[in-house]
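1. Model the following, please.
(one chain, ligands or ions: 2)
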Amino acid sequence: MSPSEHMAETLSKDPAGDQKYIEINQVEMMFNTRKGNFHALRDINLKVRKGEFITLIGHSGCGKSTLLNLIAGLTEATSGTLLCAHREIAGPSPERGVVFQNHSLLPWLTCYENIYLAVERVFGATENKTKLQKRTLQALSLVGLMHAEKKRPNEISGGMKQRVGIARALAIEPKVLLMDEPFGALDALTRAHLQDELLKIVAKTQSTVVMVTHDVDEAVLLSDRIVMMTNGPAATIGEILSVKLERPRDRVALSQHPQYAEYRSAVLEFLYHRQSHPARDAA
Ligand SMILES: Nc1ncnc2c1ncn2[C@@H]1O[C@H](COP(=O)(O)OP(=O)(O)OP(=O)(O)O)[C@@H](O)[C@H]1O
Ligand SMILES: [Mg+2]
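-> Ligands and ions are numbered 1, 2, ... in the order given. Purely as a prediction, here's the structure:
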């Protein structure tokens, strides 16, 4: 049997296939506030393929973090269903690693210890200490931070803290990597470096990624699809743009690529012409 026939047979045995690795159906999110209910998200429908890189983009306050937190299982939808690997998302799970915007490292632990703690929580019951240490060191090495293993968060730069946060999420070998503006607070050069590192890491690990970003260039450079959200309240997915640029992607070569410019202007057009006034729309 040829590899393609084998693949076809495997897919036909699993009719759902890998096309719906994450599946979000008719999700609605309502927050109870002191002023009454706040309708954050409506009619969210999205299917993410295994190994796909998705970015969520939209104006501030539209509900990107709310959606990411739902996929992480940190909050529960008011209605609708969320599935990961064909099982309902019922809470946080090591199959879904989260990188928060503010890295959220424990300040009294070293970089090594911050990662080790997560590794121990996930693999501690089944693996010995040597194996756990190996996993921790591998994760540090993946993000190029072996030299900083003994440093505490207040002794390293913002970019390094972000890298520890990414290493901690990768160390638990999540099937899905969920990232909320992981490079938002960084200078342009560090950001570019980490984007390139992330592309290499994801190519190696084949993880499925959902990442929130404000940055149009970041979205085009990294994504297979860009999910563009309308303004809130009651925000939803306005449009999804497939980015069909070959991988591996090189930022310098891409900057000259006519198709890159087209994708970029399609996102800009959505954000600044069609969804240009978040405050007015919300009023
Ligand atoms: N726990 C909460 N209780 C009440 N309202 C909330 C809560 N969390 C979020 N919201 C509201 O839901 C909306 C979406 O918030 P969210 O944090 O998801 O936006 P966002 O797109 O991530 O914005 P930003 O780009 O600024 O991070 C906002 O109007 C916010 O005020
Ligand atoms: Mg947010």
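2. For the residue in the stretch 101-250 of the chain positioned nearest to ligand 1, which three-state class applies?
-> Using Cβ to the nearest ligand atom, the closest approach of the stretch 101-250 of the chain to ligand 1 is made by Gly232 at 5.2 Å. Every C-beta, even on glycine, is put in place using the N, C-alpha and C of the backbone. Following DSSP: H, G, I helix; E, B strand; the rest coil, the label given to Gly232 is coil.
3. so how many other residues sit close to it?
-> 22 (other Cβ atoms under 10 Å).
4. isn't it right up against Thr66?
-> No: using Cβ atoms under 8 Å, Gly232 is not in contact with Thr66; the gap is 9.0 Å.
5. quick one: the closest residue to Val99 other than its chain neighbours and Ile201, what's the gap?
-> Using Cβ to Cβ, 6 or more residues apart in numbering and skipping residues adjacent in sequence, the residue nearest Val99 is Met179, 4.2 Å away. As for Met179, its distance to Ile201 is 12 Å (criterion: Cβ to Cβ, to the nearest Å).
6. Then Lys161?
-> According to Cβ to Cβ, Lys161 stands 17 Å off from Ile201.
7. Just want to know which of the two has more residues nearby.
-> Lys161 (21 against 18).
8. what about the helices in the stretch 51-200 of the chain?
-> For the stretch 51-200 of the chain, the helices defined by DSSP state H, counting those that start in this stretch cover 64-72, 111-123, 129-142, 158-171, 188-205.
9. What parts of the stretch 101-250 of the chain come near ligand 1?
-> Gly232 (Cβ under 6 Å from any ligand atom).
10. does the nearest residue to Ser223 once chain neighbours are set aside have beta-bridge partners, and which?
-> Computed as Cβ to Cβ, 6+ apart, the closest residue to Ser223 that is not its neighbour in sequence is Thr55, at 4.5 Å. Per DSSP bridges, the residues bridged to Thr55 are Met211, Ile226.
11. what's around Thr55, how many residues?
-> There are 27 residues near Thr55, going by other Cβ under 10 Å.
12. per-residue pLDDT, it?
-> The model reports Thr55 with a pLDDT of 98.
13. From ligand 1, how far off is it?
-> Here the distance between Thr55 and ligand 1 works out to 13 Å (Cβ to the nearest ligand atom, to the nearest Å).
14. Nothing else from me, thank you.
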